[in-house]
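A.B. asks: what follows is a protein structure lacking sequence information:
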């Protein structure tokens, strides 16, 4: 997490209505030079000022296109650090990307450091020996640093989102950048969210035999590695989930002779390596919350449970539907009047879609009563937004996020592979050319 200097006192003393008016005045002054992006998890007081709203990658895509079309000079990303990095990777070189509060990071992204990833990569390969006829193909969730995206891009891998992770997984298991060779063994290293990786692997036919208590012990911090058997659940996926294979959780905090918290034999027998990372928001949703929701509405016609795939497998297994942020939004938008929904994702988003759904007679609540808040996202507030805009009006750029050219090139390669293999085509190339 980067250090953010304290704001001048005047910003802390402004009433909410004056803050909002001042932000809008600066937007008018800056005109088309400015593009403000607001992530779905942002608080209402911030997202109301956004020109574009969406999830992290969608915002970066839209911003890159919009900035090129309107000649934007400054993108102010009301999100977290890795999102601003992605925007800088995708935006034209003439555009400067700003994060209103440098301390707005992502705990999940921070769980996969470049040095740890390089160590894991080396240990995994050393365990297989020099004569191994195989490859490990890395996949990283977009919720990762530019450095991790670049590592993946440089090592023949690709990025993924929560909506296309299964397609990218299939691409990797089929050989990735080149077809699988004769008798060649293909394995996957999935960073940094073990839960999205596990839920995706299960969706493709891997069966997890870990029980609820074992998995919950990993949710809070990724302790010692857990071996999870992966067996084919249907004939079509059998080549991707062989009998007797396993998924393995790699714990980057385990060092020395116990690197990864696993043995070399466990490494050799595994087919999918899951990084011991997690989302601090989605780990708060538990199976008991699903059971309580079912019980609460059992005499009132029942309830649908809709969750994000960053939730642990036990929650996803119990839910009616699981999908990305955009999937959650569209599902509620299309829900019939009179339906009831319990949703497991960030609270600001749930409250926002619940207000809109209520107008259509759709009842929406958050699955857990705990404060499922993205605290780092919450650091972006109207005070910091006004501060960066005041500086822009004065000709100063503060809190600029810059990804060096070499890192950006490899990170863009990982993003490009994702799009090329999930129906996106050469989208990134058209944005940056």
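C.D. replies: Alright, I've got the coordinates. Fair warning: this is a prediction, and the values are worked out from it, not measured in the lab. Numbers count the residues shown, from 1 in each chain.
A.B. asks: correct me if wrong, but residue 187 is in a strand.
C.D. replies: Yes. Using DSSP: H, G, I helix; E, B strand; the rest coil, the assignment for residue 187 is a strand.
A.B. asks: need the residues that contact the helix or strand in which residue 138 is found.
C.D. replies: Counting by DSSP states H and E, the element that carries residue 138 is strand 134-141. Under the criterion CB atoms under 8 Å, 6 or more residues apart in numbering, residues 108, 112, 121, 124-125, 128, 148-149, 151-152, 155-162, 165, 168-169, 172-173, 175-176, 184-193, 196-197, 273, 414 lie in contact with strand 134-141. Every C-beta, even on glycine, is put in place using the N, C-alpha and C of the backbone.
A.B. asks: identify the residues contacting the residue positioned nearest the centre of the chain.
C.D. replies: Nearest to the centroid of the C-alpha atoms of the chain, with distances taken as CA atoms, centre = their mean, sits residue 143, at 3.4 Å. Residue 143 makes contacts with 56, 82, 106, 108, 109, 192, 193, 279, as judged by CB under 8 Å, 6+ apart.
A.B. asks: surely the last one touches residue 108?
C.D. replies: In other words, residue 279. Yes. Using CB atoms under 8 Å, residue 279 is in contact with residue 108, at 5.0 Å.
A.B. asks: quick one: which of the two has more around it?
C.D. replies: For the pair residue 279 and residue 108, the greater number of neighbours falls to residue 108 (28 against 25), based on other CB atoms under 10 Å.
A.B. asks: quick check: pLDDT value at the more buried one.
C.D. replies: Looking at residue 108, its pLDDT is 93.
A.B. asks: show me what the one helix or strand it maps to is packed up against.
C.D. replies: Assigned by DSSP H and E, residue 108 belongs to helix 107-110. Using 3 or more CB pairs under 8 Å, 6 or more residues apart in numbering; DSSP states H and E, no helix or strand is in contact with helix 107-110.
A.B. asks: what's next to the helix or strand just after it, contact-wise?
C.D. replies: Scanning forward in sequence from helix 107-110 by DSSP H and E, the next helix or strand is helix 114-128. Applying CB under 8 Å, 6+ apart, the contact partners of helix 114-128 are 132, 134, 136, 138, 145, 147-148, 151, 155, 189, 191, 250, 252, 259-260, 264, 267-268, 273, 275.
A.B. asks: so which of those are in strands?
C.D. replies: Residues of those located in strands (DSSP state E): 134, 136, 138, 189, 191, 250, 273, 275.
A.B. asks: now those residues in CSV, with distance to residue 387 and pLDDT?
C.D. replies: As requested, these are exported to CSV (distance: CB to CB, whole Å; pLDDT from 0 to 100):
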residue, distance to residue 387, pLDDT
134, 52, 97
136, 45, 98
138, 38, 98
189, 40, 98
191, 34, 98
250, 40, 95
273, 42, 96
275, 35, 97
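A.B. asks: narrow those residues to those that are buried.
C.D. replies: Buried members of the ones in strands among the contacts of helix 114-128, scored by 16 or more other CB atoms under 10 Å, are 136, 138, 189, 191, 250, 273, 275.
A.B. asks: make TSV out of those and add distance to residue 3.
C.D. replies: Converted to TSV, these look like this (distance: CB to CB, whole Å):
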residue	distance to residue 3
136	36
138	30
189	31
191	26
250	30
273	33
275	26
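A.B. asks: helices along the stretch 101-250 of the chain, start to end?
C.D. replies: Under the criterion DSSP state H, counting those that start in this stretch, the stretch 101-250 of the chain contains helices at 107-110, 114-128, 146-154, 165-173, 194-203, 212-219.
A.B. asks: let's have these in CSV, adding distance to residue 76.
C.D. replies: Listed next are those as CSV, based on distance: least, CB to CB, whole Å:
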stretch, distance to residue 76
helix 107-110, 20
helix 114-128, 27
helix 146-154, 18
helix 165-173, 29
helix 194-203, 28
helix 212-219, 34
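A.B. asks: confirm that residue 271 sits in a strand.
C.D. replies: Yes. The assignment for residue 271 (three-state DSSP) places it in a strand.
A.B. asks: surely it is in contact with residue 246?
C.D. replies: Yes. Residue 271 is within contact range of residue 246, at 6.8 Å (criterion: CB under 8 Å).
A.B. asks: so what does residue 359 have for phi and psi?
C.D. replies: phi -60, psi -20 (degrees, to the nearest 10).
A.B. asks: residues near it, how many?
C.D. replies: So residue 359, with other CB under 10 Å, has 7 neighbours.
A.B. asks: now do residue 94
C.D. replies: For residue 94, using other CB under 10 Å, the count is 10.
A.B. asks: tell me who's in contact with it.
C.D. replies: residue 73.
A.B. asks: do residue 98 as well
C.D. replies: Contacts of residue 98 by CB under 8 Å, 6+ apart are 74, 75, 76, 77, 84, 388, 392, 397, 398, 399, 400, 401.
A.B. asks: tell me the SS of the third one?
C.D. replies: I take that to be residue 76. strand.
A.B. asks: just checking, it touches residue 386?
C.D. replies: No. Residue 76 is beyond contact range of residue 386, at 10.7 Å (criterion: CB under 8 Å).
A.B. asks: and the two? which has more neighbours close in?
C.D. replies: Per other CB under 10 Å, whichever of residue 76 and residue 386 has more neighbours is residue 76, with 29 against 24.
A.B. asks: and the closest residue to residue 109 other than its chain neighbours, how far from residue 66?
C.D. replies: Leaving aside its chain neighbours, residue 109 sits nearest to residue 82 (4.6 Å; criterion: CB to CB, 6 or more residues apart in numbering). To residue 66, residue 82 is 20 Å away according to CB to CB, to the nearest Å.
A.B. asks: neighbour count: these two, which is higher?
C.D. replies: Applying other CB under 10 Å to residue 82 and residue 66 shows that residue 82 carries more neighbours, namely 24 against 17.
A.B. asks: got a list of what the more buried one touches?
C.D. replies: Going by CB under 8 Å, 6+ apart, residue 82 touches 56, 105, 106, 109, 142, 143, 144, 145, 146.
A.B. asks: now for those residues, which pair is the farthest apart?
C.D. replies: Spatial extent of the contacts of residue 82 (CB to CB) is set by the pair 105 and 142 at 14.9 Å.
A.B. asks: for the two, work out which one has more neighbours and name it.
C.D. replies: Neighbour count, other CB under 10 Å: between residue 105 and residue 142, residue 142 has more, with 23 against 19.
A.B. asks: cool, thanks, talk later.
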